[in-house]
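[1] Next input, structure requested:
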Amino acid sequence: MRSQGYNIGASFGGAFSNHLHALAFAGKTLGFRTVGFVRGEVTAPLNPTLQDASDWGMQLVPVSRADYRNKYNPEFIKQITAPFAPCYVIPEGGSNQLAVKGCSELGAEICESVKAIDFLCAACGTGTTLAGLICGSSNCKVLGFSALKNNQELDKNISAMLSEAGAVPGQPWRIIHDYHFGGFAKINPLLVSFMDQWMAQTGITLDPVYTAKMLYGIFDLIDKGYFKKGSHIVAVHTGGLQGLRGMQSKMERIRRRQRANDTGL
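    Reported below is the predicted structural model:
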């Protein structure tokens, strides 16, 4: 970014955006200014995600939901970033070819470290991480678990990213659309119960937006015989744990209702 003459990095995201959270921390760590265009209102008190971002120096700019739909429109981007120009604009979710390249290195490293892989799995939002894993992986099928409901454009978007990245044609991959649990950031008692059982058995924390849905899907597909017996499955834990803070109260309400149902109260 600085090599191109920019000292400000700007991007777009929701109120619990992992991407804006990471960008703000990068700005604090590396010493550049950051601007976050946040979908909807930014009200006090800030939620934990936005509070972190603000504490790390990010300037938060609310954008109406109607205007936010123009986040990829060049004229809109030029207009909204004018007060901070010149600034380096990163697409929502960090979804660009630089991200694909970075994630392809991750895919290559996984395949090098774990020699026998039949399936490499990751959760999907924009699909950028998955596109990178597809580019970098070899000798395995890559499965993406969509966190969004009715996100039929995802397959097309990933294909476009792969084409732009010059990915080797024929690398097998597939998006699984059956484990979104009602939509982005939607949860239900089944998912919360799975997360609690997973934590008790492994000690590994999951987030309810991405990784829990992916792992639930993997185990459900195993039960349904989707994977050939003896298959080696690698699941990528993509993080997102900071967003868990914004879901805790909702998850606890679900647990309380479930306990009341179990006791007949």
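
[2] Please parse the chain into its domains.
    Taking automatic domain parsing as the reference, the chain has its domains at 2-93, 97-255.

[3] Val61 belongs to a strand, doesn't it?
    Yes - counting by DSSP: H, G, I helix; E, B strand; the rest coil, Val61 is part of a strand.

[4] which residues touch it?
    35-38, 42, 80 (C-beta atoms under 8 Å, 6 or more residues apart in numbering). All C-beta spots, glycine's among them, are computed from the backbone N, C-alpha and C.

[5] let's see it at 10 Å
    10, 12, 35-38, 42, 80-81, 83-84 (C-beta atoms under 10 Å, 6 or more residues apart in numbering).

[6] Specify the beta-bridge partners of it.
    Per DSSP bridges, the residues bridged to Val61 are Phe37.

[7] circling back to that earlier point, any chance of TSV for the domains of the chain, columns mean pLDDT and distance to Asn261?
    As requested, the domains of the chain are exported to TSV (pLDDT from 0 to 100; distance: least, C-beta to C-beta, whole Å):
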stretch	mean pLDDT	distance to Asn261
domain 2-93	95	28
domain 97-255	94	9
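
[8] do you know which of these lies nearest Asp262?
    Ranking the domains of the chain by proximity to Asp262 (C-beta to C-beta) places domain 97-255 first, at 10.4 Å.

[9] Report the distance from that closest one to the chain centre.
    9 Å (C-alpha atoms, centre = their mean, to the nearest Å).

[10] can you tell me the helix or strand for the closest residue to Gly183 other than its chain neighbours?
    Nearest non-adjacent residue to Gly183, counting by C-beta to C-beta, 6 or more residues apart in numbering: Lys149, 3.9 Å away. Element membership for Lys149, per DSSP states H and E: none, as it lies in no helix or strand.

[11] For Lys149, give me its contacts.
    Contacts of Lys149 by C-beta under 10 Å, 6+ apart are 177, 180-184, 186.

[12] quick check, nearest of those residues to Leu221?
    Nearest to Leu221 among those, counting by C-beta to C-beta, is His177 at 12.6 Å.

[13] so what's the closest one closest to, chain neighbours aside?
    Of all residues not flanking His177 in the chain, Ser146 sits nearest, at 5.1 Å (C-beta to C-beta, 6+ apart).

[14] Reformat the contacts of Val61 as TSV; add distance to Glu252 and secondary structure.
    Formatted as TSV, the contacts of Val61 follow (distance: C-beta to C-beta, whole Å; DSSP: H, G, I helix; E, B strand; the rest coil):
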residue	distance to Glu252	secondary structure
Ala10	35	strand
Phe12	30	strand
Val35	34	strand
Gly36	28	strand
Phe37	31	strand
Val38	26	strand
Val42	25	coil
Ile80	37	helix
Thr81	39	helix
Pro83	40	helix
Phe84	39	helix
